[in-house]
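Engineer: could you look at this predicted model? Sequence included:
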Amino acid sequence: MDEQESLEIGTKEATKLKPGKVKIVKATIEPVGDKGAKKLVCEVKHPNKDETIQISSVKYEQKGKLAVSGLWVNRDDDKKIRKGSALALFLEFLEAKTLEDLKDKEAQTVEDDSGYLTFKIY
């Protein structure tokens, strides 16, 4: 019997980072899924972790309710980020004109419904 066959369920809880203020150290557009849809992935420095973590979603207010969305890169006819998209709202909230301007910005995080950290812009 090899090691994998005798693998047991652990008893330790996964380390979970608490929501807080993070600093964006890098922002890149990455393809996601089979169709290669593009998503903004921010590498951030969390105050309670030595290594950087990645966040690619945002929680924001939409029509009076809170919504969570990925930071999808949707473009308009002029090849610019679509006005009103979650990504556009995120940039506006952080007062960034371009994705490059996100570097060194600080942003608040909250947990989404699954317990993952997401940017908070409300």
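Structural biologist: Noted; the coordinates are in hand.
Engineer: can you tell me the SS state at residue 23?
Structural biologist: Secondary structure, DSSP: H, G, I helix; E, B strand; the rest coil: residue 23 is strand.
Engineer: how many other residues sit next to the residue nearest to it when sequence neighbours are not counted?
Structural biologist: Closest residue to residue 23 apart from its sequence neighbours, by C-beta to C-beta, 6 or more residues apart in numbering: residue 45 at 4.7 Å. No exception for glycine: its C-beta is placed from N, CA and C like everyone else's. Residue 45: 15 surrounding residues under other C-beta atoms under 10 Å.
Engineer: who's residue 65 bridged to?
Structural biologist: residue 62 (DSSP bridges).
Engineer: how about the helices in the chain?
Structural biologist: Taking DSSP state H as the test, the helices found in the chain are 86-93.
Engineer: low-confidence stretches in it?
Structural biologist: Counting by pLDDT under 70, the chain shows low-confidence ranges at 1-2, 14-15.
Engineer: mind redoing it with 50?
Structural biologist: Within the chain, not a single segment meets pLDDT under 50.
Engineer: okay, strands next: where are they in it?
Structural biologist: Ranges of strands within the chain are 21-32, 37-45, 53-55, 57-62, 65-70, 106-111, 117-120, based on DSSP state E.
Engineer: need the ones you listed in TSV with distance to residue 96, can you?
Structural biologist: As requested, these are exported to TSV (distance: least, C-beta to C-beta, whole Å):
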stretch	distance to residue 96
strand 21-32	9
strand 37-45	11
strand 53-55	15
strand 57-62	13
strand 65-70	17
strand 106-111	10
strand 117-120	12
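Engineer: how about those, which one is nearest residue 76?
Structural biologist: strand 37-45 (14.2 Å; C-beta to C-beta).
Engineer: what residues of that closest one count as buried?
Structural biologist: 39, 40, 41, 42, 43, 44 (16 or more other C-beta atoms under 10 Å).
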